[in-house]
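In: Turn this into a structure:
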Amino acid sequence: MSDFFPILRFDHLEFYVGNARQAAGFYEKFFGFKPTAHRGLETGSRKVASYVMEQGTIRLVLSTALNSEHTIAEQVLKHGDHVAVVALEVPDAVAAYRQVTARGAIGAIPPTRAEDEFGVLRYAAIHAYGDVLIKFVDRQDYRGVFAPEFQPQPAVSTDRGVGLQAIDHIVSNVELGEMDRWVQFFTDTMGFQLLIQFDDQAISTQYSALMSKVMRDRSGRIKFPINEPAPGQGKSQIQEYLDYHQGPGIQHIACSTRNMIETVTKLRQAGVQFLHVPSNYYQDLTARVGNIDESIERLAELGILVDRDQEGYLLQIFTQPVEDRPTLFFEIIQRHGASSFGEGNFKSLFEAIEREQALRGNL
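Out: Numbering: from 1, shown residues only. Now for the predicted structure:
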């Protein structure tokens, strides 16, 4: 296995939103992200306002259009607030762009050079599923706070957030019959490899099902699970997403923590709402997953799920959608050696999601 070009890490995720100032307040209050940079009219940006929010190595960029004819405004009207750009830091953005487009990717932003007194930032982007862009960012010659046009935001608090550390994986939903096309896309254009796959027998309930394949780069740091709906008696969570997002896109962002109990406690105290896990999930949990370091009683109080694979165990929990549309949500995950994605929790997770779908009248 070898990538066609090296990827250093997730650089940032850019959200297109209706009001970036208010979205920044939401992610600061509820999820513990801190504003570190800003662009807008006062910094010379005449078309877009953006707030850079950071915690651990996670960087979110919340962008809003300053007029209704801008692409961001058009996409927000269609999708609601959503993740529009997945940015990957690479040693050479020009070389990465040339590699992927030579192998069939469609260019969205040609190699671009942005410069200010802090140096030169180079970037380029390609089209992925739906309206999502994959952006390649080269920061080797740039020492500014984020990018040209951005100015640093003064710190107003010493609070270190809720303990989110890094992006573990990013999950997308695509239409029925399209999953294998995008698996092939990542294989052919970026040299990714299929890590694991789940069929509709593994991920199903009485009412709905989905199929999923996980793609990853050579380092294993960049992981893109891709879901598609499978036929069932009711509407799957994937189809509900596709209906309200009006097409394929990013369903959820999994963020890692080193202390799940502390992180989830802080998130709940801040007002973050999570999917409900029934108490009987925790009956005989030790028999199912073996001994773990955490208190089962405390996990039950917080609604945290547990699963084990051959390499260890993991803890995970899923938020309610963070938009009015039942689209984008977050996963919080702590890995104790496990490299899997919580297959043993799929049925419990699906049933929890279906309870919420039923309340929305969408099951």
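In: contacts and neighbour counts: CA atoms only from here.
Out: OK.
In: need the helices for the stretch 251-363 of the chain, in chain order.
Out: Secondary structure of the stretch 251-363 of the chain, counting by DSSP state H, counting those that start in this stretch: helices at 260-270, 285-289, 296-302, 346-360.
In: With mean neighbour count and mean pLDDT as new columns, can those be given to me in CSV?
Out: Listed next are those as CSV, based on neighbours: other CA atoms under 10 Å; pLDDT from 0 to 100:
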stretch, mean neighbour count, mean pLDDT
helix 260-270, 18, 98
helix 285-289, 13, 90
helix 296-302, 15, 96
helix 346-360, 17, 72
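In: Tell me which residues touch residue 252, please.
Out: Applying CA atoms under 8 Å, 6 or more residues apart in numbering to residue 252 gives the contacts 170-172, 328-331.
In: By neighbours, which of those wins?
Out: Most neighbours among these, by other CA atoms under 10 Å: residue 328, with 24 neighbours.
In: Surely that residue is in contact with residue 321?
Out: Yes - using CA atoms under 8 Å, residue 328 makes contact with residue 321 at a distance of 5.4 Å.
In: burial measure for residue 97, as a count.
Out: Residues near residue 97, counting by other CA under 10 Å: 27.
In: Now the two most distant members of the contacts of residue 252.
Out: 172 and 331 (13.1 Å; CA to CA).
In: for the stretch 1-150 of the chain, which spans come out with low pLDDT?
Out: Across the stretch 1-150 of the chain, residues meeting the criterion (pLDDT under 70) sit at 1-3.
In: what ranges do the strands span in it?
Out: 9-16, 34-39, 48-55, 58-65, 82-89, 107-116, 119-127, 133-138 (DSSP state E, counting those that start in this stretch).
In: And these: which comes nearest residue 271?
Out: strand 34-39 (17.0 Å).
In: Just the pLDDT for the most centrally placed residue in the chain.
Out: Central residue of the chain (CA atoms, centre = their mean): residue 253, 2.4 Å from the mean position. Per-residue pLDDT puts residue 253 at 98.
In: now the one 5 residues further on
Out: Per-residue confidence for residue 258 comes out at a pLDDT of 97.
In: What about residue 141, how many residues nearby?
Out: The burial count for residue 141: 12, using other CA under 10 Å.
In: State the distance from it to residue 102.
Out: 26 Å (CA to CA, to the nearest Å).
In: Isn't residue 106 up against residue 132?
Out: No - Residue 106 is beyond contact range of residue 132, at 12.0 Å (criterion: CA under 8 Å).
In: Between the two, which is the more surrounded one?
Out: Neighbour count, other CA under 10 Å: between residue 106 and residue 132, residue 132 has more, with 18 against 14.
In: My guess is that one contacts residue 83. True?
Out: Yes - Residue 132 lies in contact with residue 83 (CA under 8 Å); the separation is 7.5 Å.
In: pLDDT below threshold where in the stretch 151-300 of the chain?
Out: For the stretch 151-300 of the chain (pLDDT under 70), the answer is 158, 200-208, 232-234.
In: could you pull out the strands for it?
Out: Assigned by DSSP E, counting those that start in this stretch, the stretch 151-300 of the chain shows strands spanning 151-152, 164-173, 193-198, 209-216, 223-230, 249-257.
In: What would the fifth one look like as CSV? C-alpha coordinates only.
Out: What that stands for is strand 223-230. The C-alpha trace of strand 223-230 is given here as CSV (Å, rounded to 0.1, in the frame of the first residue of the first chain):
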residue,chain,number,x,y,z
LYS,A,223,-10.0,7.8,7.6
PHE,A,224,-13.1,8.3,5.4
PRO,A,225,-16.0,5.9,6.1
ILE,A,226,-18.6,6.1,3.3
ASN,A,227,-22.2,5.0,3.8
GLU,A,228,-25.1,4.3,1.5
PRO,A,229,-28.7,3.3,2.4
ALA,A,230,-29.9,-0.2,2.0
